[in-house]
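J.: Below are the sequence and a predicted model; questions follow.
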Amino acid sequence: MEMLSDSEDDLCRAAAALRSGDLVAFPTETVYGLGGDAFNPAALAKIFEAKQRPRFDPLIIHIAEVSVLERVADLTALDAEMRKALDILSAELWPGPLTLVLPKKNSVPDLATSGLPTAAVRLPDHPVALKIIRYSTGAVAAPSANPFGYLSPTRAEHVAEQLGGRVDYIVDGGKVRVGVESTVLDISGRRARILRPGGMPRERIEELIGPVDTAAAEGPLPAAPGQLKSHYAPRTGLYLYSPEAMMAVPWNKSEAFVFFDGKFRDQWIAGNRLEESSGGVPANIRVLSESGSMNEAAANLFDFLHELDNPQYTAIRAVEVPETGLGPAVNDRLRKARAEAKDNPQPYQGQTG
């Protein structure tokens, strides 16, 4: 594994590695992705192997130009209304944290789509990602650069810690901006359906194309990434509470606590009389956003969970956030990270390689 900078020379090296079938982790605005040539089955197989990802979980194909979409998706198979929606969404929300599920071209390897007749595609809003994709093959499959089911990486060091020698190159572009994965919107049928809440708020999508459905997983296998009940999980058990229930949770110095805003944290501290005993805010408490900014909360979520996921804490106790803006995406990640979720087929086993 070699760490690269975001210099032009290093981005050209990363792109050349992708063209050669190697794996390159790089930043997007959402999380770090583990990239491989979307049209190279051998490179795709390396992604699944590196992540220990089950073959039934489809990948997201990243492009750098809307014109490349026709290499990946069969736009002639789209419903007329959904074709209009595609034109609007791609013009208004790309580049951005929105993945669109579309009928796929036969030239896309089945491994990229887990044998589904659809492909998940997005155009990321990050200069490093766009250059790497543009300089390489124009279409890069890039799931989050972490072992399957574990916390998503928001910094290059998270990738190095989790994947180690399983990845050929890591491009260090600093901390990502959005902090949660993209919203996945299926427009392959007659109605638009959100398959996974993410970095693009539902309200913004509906401003442009009208009401959209929310689709639960319809079978044992996912139609899009991030649909399994257990995902994004730390090794330390995470327990999730409503605000009302959280107020009854006592402070414990051997556990970690995650709050949405400073106001609620202060109420909880007062209820536990911590100021009287400790003289301040204990080090095992994190606040996603002091001011209650949902964008800041989303950006800090995985960063804080990485910090708290260490042997000094026996549990992480977190509170749900309001269901506005990126709130559904934050709560989705917290619910799937819960220790109570029992169906993670491959829990994180630690770094290898």
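T.: Nice, thanks for sending it over.

J.: after the lowest-mean-pLDDT helix or strand in the chain comes which helix or strand?
T.: None of the helices or strands of the chain scores lower by mean pLDDT, DSSP states H and E than helix 274-278, at a mean of 60. Downstream of helix 274-278, the first helix or strand assigned by DSSP states H and E is strand 285-287.

J.: Could you pull out the buried residues of that next one?
T.: Using 16 or more other CB atoms under 10 Å as the burial criterion, the residues of strand 285-287 that qualify are 285-287. Any C-beta I mention is one placed from the backbone N, CA and C, and that applies to glycine too.

J.: ok, now stretch 284-300?
T.: Of the residues in stretch 284-300, 284-289, 292-294, 296-300 count as buried by neighbour count, 16+ other CB under 10 Å.

J.: check contacts around P27.
T.: 33, 126, 128-129, 156, 171-174, 176 (CB atoms under 8 Å, 6 or more residues apart in numbering).

J.: Tell me the buried residues within the residues you listed.
T.: 33, 126, 128-129, 156, 171-173, 176.

J.: neighbours around T314, how many?
T.: Look at T314: counted by other CB atoms under 10 Å, it has 11 neighbours.

J.: now G165
T.: Counted by other CB under 10 Å, the residues lying close to G165 total 11.

J.: For it, which three-state class applies?
T.: Three-state call for G165 (DSSP: H, G, I helix; E, B strand; the rest coil): helix.

J.: I'd guessed it sits against M1; true?
T.: Yes: with contact defined as CB atoms under 8 Å, G165 reaches M1; the gap is 5.2 Å.

J.: Pretty sure P103 sits in a helix.
T.: No: according to three-state DSSP, P103 belongs to no helix; its state is strand.

J.: Mind splitting this structure into its structural domains?
T.: Split into domains by automatic domain parsing, the chain comes to 2-214, 238-337.

J.: any idea which of those domains scores lowest on pLDDT?
T.: Ranked by mean pLDDT, the domains of the chain end with domain 238-337 at the bottom, a mean of 92.

J.: For the residue nearest the centre of the chain, give its distance to I187.
T.: Among the residues of the chain, the one closest to the centroid is E181, at 2.6 Å (CA atoms, centre = their mean). Between E181 and I187 the distance is 18 Å, computed by CB to CB, to the nearest Å.

J.: what do you get for A315?
T.: Where I187 is concerned, A315 sits at a distance of 40 Å (CB to CB).

J.: the more surrounded of those two?
T.: The neighbour count for A315 versus I187, taken as other CB under 10 Å, is higher for I187 (24 against 15).

J.: residue contacts, that one?
T.: By CB under 8 Å, 6+ apart, I187 lies in contact with 78, 82, 85-86, 89, 100-102.

J.: A80 versus that one, what's the distance?
T.: Computed with CB to CB, the distance linking I187 and A80 is 12 Å.

J.: Quick check: A129 is in a helix.
T.: Yes: the assignment for A129 is a helix, going by three-state DSSP.

J.: Need the buried residues of strand 285-287 in TSV (columns: distance to P95).
T.: As requested, the buried residues of strand 285-287 are exported to TSV (distance: CB to CB, whole Å):
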residue	distance to P95
I285	36
R286	30
V287	30
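
J.: from those, which is closest to R338?
T.: R286 (17.0 Å; CB to CB).

J.: List the contacts of the closest residue to that closest one other than its chain neighbours.
T.: Leaving aside its sequence neighbours, R286 sits nearest to F304 (CB to CB, 6 or more residues apart in numbering; 4.5 Å). By CB under 8 Å, 6+ apart, F304 lies in contact with 258, 286, 288.

J.: What residue, apart from its backbone neighbours, is nearest the last one spatially?
T.: Counting by CB to CB, 6+ apart, the nearest residue to L288 once its immediate chain neighbours are dropped is A297, at 3.6 Å.

J.: quick revisit: show me which pair in the contacts of P27 is furthest apart.
T.: Across the contacts of P27, the longest distance by CB to CB is 14.7 Å; it joins G33 and G174.

J.: about what we covered before: which one of the contacts of F304 sits closest to A142?
T.: Nearest to A142 out of those is L288 (CB to CB; 25.7 Å).

J.: if I read this right, that closest one contacts D303, doesn't it?
T.: No: using CB under 8 Å, L288 is not in contact with D303; the gap is 9.6 Å.

J.: if we can go back for a sec, sort out which of the contacts of I187 are in helices and list them.
T.: Among these, the members falling in helices (DSSP state H) are 82, 85-86, 89.

J.: Give the buried residues for the host helix or strand of D9.
T.: Taking DSSP H and E as the criterion, D9 maps to helix 8-19. Residues of helix 8-19 classed as buried by neighbour count (16+ other CB under 10 Å): 10-11, 13-15, 17-18.

J.: Pull the residues that contact that helix.
T.: Against helix 8-19 from outside (CB under 8 Å, 6+ apart): 4, 23-24, 26, 35-37, 43, 128, 131-132, 134-137, 140, 168-169, 171.

J.: Keep only those of these that are in strands.
T.: Using DSSP state E, 4, 24, 26, 35-37, 140, 169, 171 are the members of those that sit in strands.

J.: TSV for these, including distance to K51?
T.: Below are the ones in strands among the contacts of helix 8-19 laid out as TSV (distance: CB to CB, whole Å):
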residue	distance to K51
L4	20
V24	14
F26	15
G35	12
G36	11
D37	16
V140	15
Y169	16
V171	17
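
J.: Need the max-distance pair from those residues.
T.: The two members of the ones in strands among the contacts of helix 8-19 with the most space between them (CB to CB) are L4 and D37, at 17.6 Å.
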